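> Give the three-dimensional model of this entry:
(4 chains)
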Protein chains: 2
Amino acid sequence: MSTGNRILVVDDEERIRRLLRMYLEKEGYEIEEAEDGESALRMALGEDFDLIVLDLMLPGIDGMEVCARLRQQKATPVLMLTAKGEEINRVQGFEVGADDYVVKPFSPREVIFRIKAILRRSSATAFLSKDTNTSNNIVFPHLVIEHDAHRVTASGQEVNLTPKEYELLHYLASSPDKVFSREELLKDVWNYDFFGDLRTVDTHVKRLREKLNRVSAEAASMITTVWGVGYKLEAAK
Amino acid sequence: MSTGNRILVVDDEERIRRLLRMYLEKEGYEIEEAEDGESALRMALGEDFDLIVLDLMLPGIDGMEVCARLRQQKATPVLMLTAKGEEINRVQGFEVGADDYVVKPFSPREVIFRIKAILRRSSATAFLSKDTNTSNNIVFPHLVIEHDAHRVTASGQEVNLTPKEYELLHYLASSPDKVFSREELLKDVWNYDFFGDLRTVDTHVKRLREKLNRVSAEAASMITTVWGVGYKLEAAK
DNA sequence: TCCGGTTTTGAACATTGTGTGACGCCGTAT
DNA sequence: ATACGGCGTCACACAATGTTCAAAACCGGA
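Numbering: from 1, shown residues only, chains lettered A, B, ... in the order given. Next up, the predicted model:
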């Protein structure tokens, strides 16, 4: 798991830095932190990071600026964090050289996923490699999840899922056979500042099964309840 | 067994500290205790522990606060204890940097297990290592227990177990060939504040054998009654 | 702003797991 | 062979947990 990837996390809110550090370290990344634009820029230029998570709104030099200045000297990938209200000018953002965006409040799962995608892309272009090789597809006998296309296919037929349904399925599918408690699911799939009822998970699982079942009983039955523990997605029964 | 790991146990109730100390020392850990937030913080910062077991509800500085302040200086892993009623703010808890939670009343087995998992994880990221490498699977000729998937397979066929049945089997399987008295089982597998009938163990063993036997006589016969003493799980007959 | 769809919640209901005590069997010691 | 005590089994009551449904809250787009 330890890829030896170094990530710089830049945000003025400490709790966000802490949250990201925690989740990212669990994934085996090495984390450095900065809380303002100046030090972020200094660190980003002075050391070699594999990726920078950069909040848009920063005291002093803001994220956009940091990104732009960084780009004049380095190509370090950047994942931008933007608060919900901040209507970012996406175009402007991409001009400035950000590799991807995540809006706050984000779900931990989302961020991890994007980061992995960026790193995969950037390490992929370092060698010669087909992009399809490093695809995001998860394939089971009766269930295919194409992440890029955001498309789920059960026994050959496409299934239309709501965002949360999709995220839930995708999360379960990312670690097939592993049981997740409702708490874990709520923690990782839902936004980090959402504090809701555990039953919410049940409901989503129900609808997910329902939709899958309309098309493929096999696919639906992959989502298994483990009594007293939680849910899992079984690779094969 | 002596791993030389040092653990700080923080709880205001003495019986909890004693209980944890007892179980943890049996596992070869070296234990220190603290009964309030202030001394906990002092010790946690002043000395190097491999892990801290931290009750949420403490006189003075509470667990959340201790964890947060600790995190500003150190990355020592933290296992949080929370009473059942206390609706913890999960998000806040994780922001604060706790590595895992256990709700009271817990079963000793549960706590030991979580602690080992955390320590494995934290020592794992120190090296380069695949997470899958340090798997939780227990494998016998006719019986496989995959802990992450919470799945038991007897002679190749999956067996559906209830939570208690599973816990009992997993506990026995963790120390194959060791005989456990009914008292021990009741004490370790059940919640620490549960005082029930010894027959309860019998009933669960019965159900366990029954379910295993449906699928594999060999697997079922591994659970052996030792007359006048208790039960054990035999690695091979 | 209103409308339509999505997400979340809460409550009722259904299912499943758990603990208990009684009873009869079986192994062991005499 | 017999008596004694431990053990396995069972059925029941009750508790815990999962499921479903419908309605409310929320959100984004027209």
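
> who touches A:V144 in this structure?
Taking Cβ atoms under 8 Å, 6 or more residues apart in numbering or on different chains, we find A:V144 in contact with A:137-138, A:152-154. Placement of C-beta: from N, CA and C, glycine included.

> Quickly find the element holding it.
Here A:V144 sits within strand A:143-146, counting by DSSP states H and E.

> The next helix or strand after that strand pairs with which strands?
Downstream of strand A:143-146, the first helix or strand assigned by DSSP H and E is strand A:151-154. Strand A:151-154 pairs in its sheet with strand A:143-146 (antiparallel), strand A:157-159 (antiparallel), by DSSP bridges.

> List, one by one, the residues from chain A near DNA strand C.
Taking Cβ under 7 Å from any atom of the strand as the criterion, chain A approaches DNA strand C at residues A:162-165, A:190, A:194, A:196-197, A:199-200, A:203-204, A:227-228.

> do that again at 6 Å, thanks
Residues of chain A lying near DNA strand C by Cβ under 6 Å from any atom of the strand: A:162-165, A:194, A:196-197, A:199-200, A:203, A:227.

> And the pLDDT for the closest residue to A:K104 other than its chain neighbours?
Among residues not flanking A:K104 along the chain, A:A83 sits closest, at 4.9 Å (Cβ to Cβ, 6 or more residues apart in numbering or on different chains). Note for A:A83: predicted pLDDT of 77.

> A:A83 and DNA strand C, how far apart?
18 Å (Cβ to the nearest atom of the strand, to the nearest Å).

> looking at it, that residue is touching A:Y101, isn't it?
No: using Cβ atoms under 8 Å, A:A83 is not in contact with A:Y101, being 11.5 Å away.

> Which one's more surrounded, the two?
Comparing A:A83 with A:Y101 by other Cβ atoms under 10 Å in any protein chain shown, the one with more neighbours is A:Y101, at 16 against 12.

> quick one: the host helix or strand of A:H170 near chain B?
Counting by DSSP H and E, the element that carries A:H170 is helix A:163-174. No: applying Cβ under 8 Å from any Cβ of the partner chain, one finds helix A:163-174 separated from chain B by no less than 12.2 Å.

> in the strand holding A:V144, what counts as buried?
Neighbour-count burial for strand A:143-146, counted by 16 or more other Cβ atoms under 10 Å in any protein chain shown, picks out A:143-145.

> Let me know the closest of these to B:F49.
The closest of those to B:F49 turns out to be A:I145 (Cβ to Cβ; 41.7 Å).

> before we move on, the earlier item: helices or strands up against the helix holding A:H170?
Applying 3 or more Cβ pairs under 8 Å, 6 or more residues apart in numbering or on different chains; DSSP states H and E, we find helix A:163-174 packed against helix A:108-126, strand A:137-140, strand A:143-146, helix A:182-189, helix A:199-215, strand A:230-233.

> I'd like the distance from it to the chain centre, please.
11 Å (Cα atoms, centre = their mean, to the nearest Å).

> Can it be said to contact DNA strand D?
No: using Cβ under 6 Å from any atom of the strand, we find that helix A:163-174 stays clear of DNA strand D, coming within 10.0 Å at best.

> what does stretch A:27-39 contact?
So stretch A:27-39 is contacted by A:1-12, A:14, A:17, A:20-21, A:24-25, A:40, A:43, A:47, A:49, A:58-63, A:65-66, A:112, A:115-116, B:125 (Cβ under 8 Å, 6+ apart).

> Can you dump the C-alpha atoms of that stretch in CSV for me?
Only the C-alpha atoms of stretch A:27-39 are listed here, as CSV (Å, rounded to 0.1, in the frame of the first residue of the first chain):
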residue,chain,number,x,y,z
GLU,A,27,-3.7,4.9,2.3
GLY,A,28,0.0,4.9,2.8
TYR,A,29,0.8,8.4,1.6
GLU,A,30,3.3,10.6,3.3
ILE,A,31,1.8,14.0,4.2
GLU,A,32,3.1,17.5,4.7
GLU,A,33,0.9,20.4,5.6
ALA,A,34,0.8,24.1,4.9
GLU,A,35,-1.8,26.6,6.1
ASP,A,36,-1.2,29.6,3.9
GLY,A,37,-0.3,30.4,0.3
GLU,A,38,3.2,31.7,1.0
SER,A,39,4.5,28.7,2.9
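
> With mean pLDDT added, can I get the strands paired with strand A:151-154 in TSV?
What follows is those, written out as TSV (pLDDT from 0 to 100):
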stretch	mean pLDDT
strand A:143-146	91
strand A:157-159	88
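
> B:R121 is nearest to which of the ones you listed?
In terms of Cβ to Cβ, the element of the strands paired with strand A:151-154 nearest to B:R121 is strand A:143-146, at 27.0 Å.

> Let's see the PyMOL selection covering just the buried ones among the residues of chain A next to DNA strand C.
PyMOL command restricting the residues of chain A next to DNA strand C to the buried ones, with burial defined by 16+ other Cβ under 10 Å:
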select buried, chain A and resi 164+165
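
> Between which two of the residues of chain A next to DNA strand C is the distance greatest?
Top of the distance list for the residues of chain A next to DNA strand C (Cβ to Cβ): A:P163 and A:W227, 28.3 Å.
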